[in-house]
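*Asks:* Kindly generate the corresponding structure for this input.
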Amino acid sequence: MGMVGGGRGAFIGAVHRMAAALDGRIELVAGCFSADPARSRASGADLHLDPARVYATYTAMARAEAALPPDRRIDFVSVATRNNTHFAVARTFLEAGFNVICDKPLAYSLAQAKQLRTVVRRSGKVFALTHNYTGYPMVKEARALVRAGRLGRILKVVTEYPQGYAIAALADRADGAISNWRMDPRVAGASNCMGDIGTHAENLGRYITGLEIDELLAELSTFIPGRPLDDDGNCLVRYRGGAKGILYASQISNGDENDLTIRIYGTRASLEWHQEHPNELIVKAVNQPREIRRRGNTYLSPAARANSRTPFGHPEAFIEAFANVYLAAAAAIADEVSGRRRRSDYDFPTIDDGVIGMAFIETAVKSSRRGARWVKFPRL
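*Replies:* Residues are numbered from 1 along each chain as shown. Here you go, the predicted structure:
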């Protein structure tokens, strides 16, 4: 594995490295950890890497790694940079012959996302997107229940992702430490809140149910004065086939931490999952007691069991879920590097998920700018 971005002080870069290393399948051997060459070198030293494989620029890294013998060069690159650089970095490595794992959102804009999809398809390389919440065992159990018909026909999907960290800026009338690049449209893109966490909510609902959005109505708000991008948003969703949805994402929900929650209602039963209590899945039906399924048990689906590492009663959470995305992508990358025939059942978010996520962000922004009107979801 090589890494671009994620150097000293970067939270998500450390998460990527821990997740990649968890199962002993992936070794970090090279990187360009910052746009500042000195900072990149210092980060490489922190990670005990060979200084010759710690690069000043990502273009130099792609060029130098491609020139190494196949048994020495990296097999893939992990992109842990800001939104406005994902496209250029990923394209550079794909065109140099490398597989890519990229942080979300996929790109700065939907137009870039579509261009990158073309590059991925042309390259024939593996491309994975780290929508990490799909990696939780009980999310996979929820998906298996929907696929098995346990819920019947899906009628309604309610997804919420409340955080409260940004409210301090409103209370103090000062941005302080939470003023960061996600608030800058030149770096983050068209949205802050919906682009950062709303897209996780959209992806989670689609992963579990398989439903595709037909149209949506969104109202995005900016409660903190002086900021050009949203910090709160509410969406109504109409899915193809007739199901309806509610999706809300917020960074000013005072007192909430990271409470991504999904409720899916069907004609036979419903289910409920909370990211802050990830080892439990609640299944509900009329005139029946609630059923609580717990991670690590043998009664779960094969997918849920395969994505657990410890026995029941030993909690698993964020890093392990992130690692499940890396582990699934590593299986595909190993097949690609070895020249083996690629399977059709790898379970990780792909370039197509990234394109849909960018379409969700831009459709929500378009609806809000039109005064919270219904907007058709683009055909992709």
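*Asks:* looking at this protein, which residue ends up farthest from its center?
*Replies:* Centroid-distance maximum for the chain: N287 at 36.7 Å, with CA atoms, centre = their mean.
*Asks:* Can you read off the pLDDT for that one?
*Replies:* Reported pLDDT at N287 in the predicted model: 94.
*Asks:* One more: G97?
*Replies:* 98.
*Asks:* my read: it touches A66, true?
*Replies:* Yes. In terms of CB atoms under 8 Å, G97 counts as a neighbour of A66; the distance is 5.9 Å. Using the backbone N, CA and C atoms, a C-beta is placed for each residue, glycine as well.
*Asks:* the helices in the chain, which residues?
*Replies:* 11-21, 37-46, 58-67, 86-95, 110-123, 137-147, 167-172, 185-188, 193, 199-209, 302-306, 318-338, 351-369 (DSSP state H).
*Asks:* JSON lines for those, including distance to E257?
*Replies:* Compiled in JSON lines, the helices of the chain are given as follows (distance: least, CB to CB, whole Å):
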{"stretch": "helix 11-21", "distance to E257": "15"}
{"stretch": "helix 37-46", "distance to E257": "28"}
{"stretch": "helix 58-67", "distance to E257": "33"}
{"stretch": "helix 86-95", "distance to E257": "27"}
{"stretch": "helix 110-123", "distance to E257": "30"}
{"stretch": "helix 137-147", "distance to E257": "19"}
{"stretch": "helix 167-172", "distance to E257": "12"}
{"stretch": "helix 185-188", "distance to E257": "22"}
{"stretch": "helix 193", "distance to E257": "15"}
{"stretch": "helix 199-209", "distance to E257": "15"}
{"stretch": "helix 302-306", "distance to E257": "25"}
{"stretch": "helix 318-338", "distance to E257": "12"}
{"stretch": "helix 351-369", "distance to E257": "23"}
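*Asks:* For D75, which of those is the nearest?
*Replies:* Among the helices of the chain, helix 318-338 comes nearest to D75, with 5.0 Å by CB to CB.
*Asks:* same question for the closest one, mean pLDDT?
*Replies:* 97.
*Asks:* Run through the neighbouring helices and strands of it.
*Replies:* Other elements packing on helix 318-338 under the criterion 3 or more CB pairs under 8 Å, 6 or more residues apart in numbering; DSSP states H and E are helix 11-21, strand 99-102, strand 127-129.
*Asks:* With D347 as the reference, name the closest of those.
*Replies:* strand 127-129 (10.4 Å).
*Asks:* how's this structure carved up into domains?
*Replies:* 2-125, 137-311+356-376 (automatic domain parsing).
*Asks:* Dump the ones you listed to TSV, plus distance to Y346.
*Replies:* TSV is the format used below for the domains of the chain (distance: least, CB to CB, whole Å):
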stretch	distance to Y346
domain 2-125	12
domain 137-311+356-376	12
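*Asks:* Tell me which of the ones you listed lies nearest to A329.
*Replies:* domain 2-125 (5.5 Å).
*Asks:* okay, how far is it across the closest one, tip to tip?
*Replies:* 15 Å (CA to CA, to the nearest Å).
*Asks:* Check stretch 341-358 too.
*Replies:* Start-to-end, stretch 341-358 (CA to CA) is 30 Å.
*Asks:* what's in contact with that stretch?
*Replies:* Residues from elsewhere that reach stretch 341-358 (CB atoms under 8 Å, 6 or more residues apart in numbering): 102, 104-107, 109-110, 112-114, 116-117, 120-121, 126-131, 134, 140, 199, 202-203, 206-207, 303, 325, 328-329, 331-332, 335-336, 380.
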